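[1] Kindly return the folded structure for what I paste below:
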Amino acid sequence: MTNDVQGSNDQVILATGGYDHTIKLWQAHTGVCVRTAQHTDSQVNALDITPDKQLIAAAGYQHIRMYDLSSSNPNPVINYEGVSKNVTGVGFQEEGKWMYTGGEDCSARIWDLRSRNLQCQRIFQVSAPVNCVCLHPNQAELVVGDQSGVIHLWDLKTDHNEQLIPEAEASIQDIAMDPEGSYMAAVNNRGHCYIWSLTGGVGDEPTKLNPKHKIEAHQRYALKCKFSPDSTCGETIFCRISEKYKRTDINTSPEARITPNFTFSNILSKHWNARMNSSIASFTNLKHEAQRWVWDAAFSADSQYILTALLSDGVARLWNVETGAVEREYNGHQKSITALAFRDEIVRD
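    Alright, predicted model coming up:
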């Protein structure tokens, strides 16, 4: 996270959205809400910020709305429609040329942001509602996870697609790739986290997935996984689970098998020490009584902090990864928070 305590808009953007039909922008370092935008007629399912930090996209029921981050206008400036059900995921190509979404209408979509036509340009249809979409760092492959347990790899150049089923009839809740495109993770509704190493994906060569690990992340539900931006200590995956979520470091060196792991829950949190090929054992307890279902999460650019969006108390929290302490709370939503977006930069001397 940057050291700019003012949290200027060109450096730090923190946005939250939820069941109260609003999107709130916060000063990340103070916890002060600086602006509230209206998201009428729908809860906010997902949020993402454009690469140039000028707009924020909110995915809702039958639409994606864009809000201007540089103005005080509380209403959306662009409204993308034509989707029949909930839009569950949204993201952007690295140069902001196009947007991708996934939804309960059993489709993933590509939207050309340079076109005046507000309809989607490409549709990838699957046979079950889409829970998550993840763009490969090569910007040429979109990974789609659906409720039937299928992971689809859609090659945007050739329109070819392949399917992967890590666990039969276990809904894929979220998919993530590390920034280098070396690893992919997926979590399902049985609390399992699958990790693959990735090869290929350069030029015309498609990405190949090589099974690496299966983590029994939780007995019940896993909802979100995230890789940290920092890979100096190995790739970091953040598994978010209903009432508990874990942070597991995956060291790229085959000789290094001891990996720390984080869990947060409504009763207590644990800092884990794990061998990737054996059982997980906890050695630090971190208590927070208010925390229950965590619907979204994001790392800071320096990987030292994690922000979480909570269903239970409508409060977003900033956690110190090293200590496990809550360093800031963002309180202002009237109902549960279901999505957050965070963008900061590392300040270099």
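[2] need the contact list for Val77.
    55, 66-68 (CB atoms under 8 Å, 6 or more residues apart in numbering). C-beta here means a position set from N, CA and C on the backbone, and glycine is covered the same way.
[3] Quick check: Ile64 vs Leu153, distance?
    Distance, Ile64 to Leu153, by CB to CB, to the nearest Å: 23 Å.
[4] who's more crowded, these two?
    Neighbours were counted for Ile64 and for Leu153 using other CB atoms under 10 Å; Ile64 has more, 27 against 19.
[5] Find the nearest non-adjacent residue to that one, please.
    Once flanking residues are discounted, Ile64 sits nearest to Tyr80: 4.3 Å by CB to CB, 6 or more residues apart in numbering.
[6] For Ala46, see how far away the one you found is.
    Applying CB to CB, the value for Tyr80 to Ala46 is 13 Å.
[7] quick one on the thing from earlier: neighbours of the residue nearest to Ile64, how many?
    Burial of Tyr80 is recorded as 23 neighbouring residues (other CB under 10 Å).
[8] And the helix or strand harbouring Thr36, what does it pack against?
    Using DSSP states H and E, Thr36 sits in strand 33-38. With contacts taken as 3 or more CB pairs under 8 Å, 6 or more residues apart in numbering; DSSP states H and E, strand 33-38 sits against strand 22-26.
[9] ok, and what's touching the strand it packs on?
    Contacts for strand 22-26 (CB under 8 Å, 6+ apart): 7, 13-17, 32-39, 44, 47, 56, 58, 67, 69, 316, 330, 332-334.
[10] If we use 6 Å, what do you get?
    Strand 22-26 has contacts (CB atoms under 6 Å, 6 or more residues apart in numbering) with 14-17, 33-37, 39, 58, 330, 332.
[11] and if you look at stretch 186-194?
    Applying CB under 6 Å, 6+ apart, the external contacts of stretch 186-194 come out as 166-167, 170-175, 214-215, 217-222, 225, 239.
[12] Just to check, His63 is in contact with Gly82?
    No. The pair formed by His63 and Gly82 falls short of the contact definition of CB atoms under 6 Å, at 8.5 Å.
[13] In the stretch 201-349 of the chain, where is pLDDT below threshold?
    231-292, 347-349 (pLDDT under 70).
[14] make it 90
    The model of the stretch 201-349 of the chain has pLDDT under 90 over residues 202-205, 212-295, 297, 299, 303-306, 308-314, 319-326, 345-349.
[15] coming back round to it: avg pLDDT for the strand holding Thr36?
    The pLDDT scores in strand 33-38 average 96.
[16] Show me the strands paired with whatever helix or strand comes next after that strand, marking each as parallel or antiparallel.
    Using DSSP H and E, the next helix or strand after strand 33-38 towards the C-terminus is strand 46-49. Sheet pairing for strand 46-49, assigned by DSSP bridges, gives strand 55-59 (antiparallel).
[17] what angle separates the strand it pairs with from strand 22-26?
    140 degrees (axes from the mean of the first three to the mean of the last three CA atoms, to 10 degrees).
[18] And the contacts of strand 55-59?
    Applying CB under 6 Å, 6+ apart, the contact partners of strand 55-59 are 15, 17, 23, 39, 44-49, 64-67, 69, 87, 90.
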